[in-house]
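Visitor: whatever this is, show me its structure:
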Amino acid sequence: MESGQIPVLTVNEDTIPLAYEKAIREVWEKGVSVRTEYDRPEDPPSRDATVIITVRNPFGQPRFHRSFADGLGGLAEYVMEVVHGAHDYWVKPVEEILKGAESKDTRWTYTYHQRLFEYRIEDKIVDQIGYMVDKLTQTGYSRRAQAITWNPKLDPPTEDPPCLQRIWGRLCDDGEGGYIYNMNTHWRSRDLFKAWFENVIAITTLMRKIVETLSKKTGKRVRLGRYVDISDSLHIYGSYFREIEGDPGKGIKSFFEKLESRSFEERTWNSDFIKPYFIDDGVGKGLRVMLEREKDMPDKVRKAIEEELRQMEKDDYLV
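Guide: Okay, the predicted model is just below:
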């Protein structure tokens with residue numbers, strides 16, 4: 001590729017762990033070296049590319065890769081944050097967000113759930129996911145069912161604007177009287193090694209919630225289709241190279257050597273194994289612990305997570 005051009009890479013796999021491993025290899029081998037705004041002086045440049053990832057079966061097993069940043073209970077809480085707004089009440093007031101770096105308020109500037117379900121336009125609140133569901137219920141083949149996160153008034157002053165930018169969905173006839181729901185997400189920036197996997201677990205859980213709601217509203221069977229994940233900048237931070245590599249002398253090759261020395265089953269977990277840890281991981285995280293710990297959680301959100309916990313305790317429920 002010509003110097004100065006960011007490559008565009010594609011990954012097509014059946015499951016999330018397969019896509020995760022393939023993306024790391026592709027970005028490492030074919031990405032360009034680019035500095036980031038988070039680098040320390042001693043960090044090498046990141047490896048970076050624009051990447052389009054297709055996961056053909058988002059809930060295909062095994063669904064979980066063992067190499068991710070948070071614990072299993074922490075991942076469960078993050079899923080509740082995205083799907084049910086578990087931490088929307090941690091977001092600081094608009095007037096504090098507008099202060100940018102001058103704000104002394106250490107609370108968050110956004111959550112994905114808040115932007116998707118309660119997007120604020122001055123004094124109006126818009127449920128964008130609700131709009132998507134209504135639009136597709138009326139016209140399943142519509143190209144207009146989308147939700148955005150970027151707020152041009154609130155986000156430019158902040159040091160940590162949202163990475164997820166847009167969700168787009170569409171229904172297709174399945175040839176059997178029902179529908180298949182396909183969904184795309186578009187991200188401006190993505191930490192591949194420490195964020196991509198957790199993002200995708202949460203977003204595909206939201207995808208399933210949309211499918212369930214569409215099925216109820218249309219009165220027809222709606223099945224999960226493929227998930228497409230588009231990142232303008234999918235990167236491996238230079239500060240991670242040693243952590244990923246193990247041996248600084250070998251570079252990231254040692255990470256891939258570990259992949260080759262273990263079977264795929266030894267590198268992954270299926271949903272049945274994960275589920276008890278999503279409920280309570282034994283080290284202070286998980287849905288049950290979260291409900292006990294967070295006394296200030298709004299009642300509406302608490303009830304949604306309690307229902308999620310009840311569903312999760314059923315044998316046939318996939319996390």
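Visitor: what pLDDT does Arg143 get?
Guide: Looking at Arg143, its pLDDT is 97.
Visitor: my bad, should have said Arg262
Guide: Arg262 carries a pLDDT value of 87.
Visitor: could you do Lys153 as well?
Guide: You'll see Lys153 listed with a pLDDT of 92.
Visitor: secondary structure element for it?
Guide: Per DSSP states H and E: Lys153 is located in neither a helix nor a strand.
Visitor: next, count neighbours for it.
Guide: The number of residues packed near Lys153 is 12, by other CB atoms under 10 Å. For the C-beta atoms, the positions are set from N, CA and C on the backbone; glycine is no exception.
Visitor: which residues touch it?
Guide: Leu98 (CB atoms under 8 Å, 6 or more residues apart in numbering).
Visitor: over to Ile6?
Guide: Residues near Ile6 by CB under 8 Å, 6+ apart: 32, 34, 48-50, 233.
Visitor: which stretches of this structure have low pLDDT?
Guide: Applying pLDDT under 70 to the chain flags residues 1-3, 242-255.
Visitor: kindly recompute the last result at 80.
Guide: For the chain, applying pLDDT under 80 flags the ranges 1-4, 68-69, 239-258.
Visitor: nearest residue to the middle of it?
Guide: In the chain, the C-alpha nearest the mean C-alpha coordinate belongs to Asn199, at 1.8 Å (CA atoms, centre = their mean).
Visitor: part of a helix, is that residue?
Guide: Yes: with DSSP: H, G, I helix; E, B strand; the rest coil as the criterion, Asn199 is part of a helix.
Visitor: what segments of this structure are strands?
Guide: Using DSSP state E, the strands found in the chain span residues 8-13, 32-34, 46-55, 64-65, 119-121, 124-126, 146-148, 164-173, 179-187, 190-191, 222-236, 268-269.
Visitor: just send those strands back as a markdown table, with mean neighbour count and distance to Glu96 too.
Guide: Putting the strands of the chain into a markdown table (neighbours: other CB atoms under 10 Å; distance: least, CB to CB, whole Å) gives the following:
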| stretch | mean neighbour count | distance to Glu96 |
| --- | --- | --- |
| strand 8-13 | 16 | 38 |
| strand 32-34 | 14 | 32 |
| strand 46-55 | 22 | 31 |
| strand 64-65 | 21 | 36 |
| strand 119-121 | 14 | 14 |
| strand 124-126 | 11 | 18 |
| strand 146-148 | 19 | 22 |
| strand 164-173 | 19 | 22 |
| strand 179-187 | 20 | 26 |
| strand 190-191 | 22 | 26 |
| strand 222-236 | 21 | 28 |
| strand 268-269 | 20 | 40 |
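Visitor: brilliant, that's me finished.
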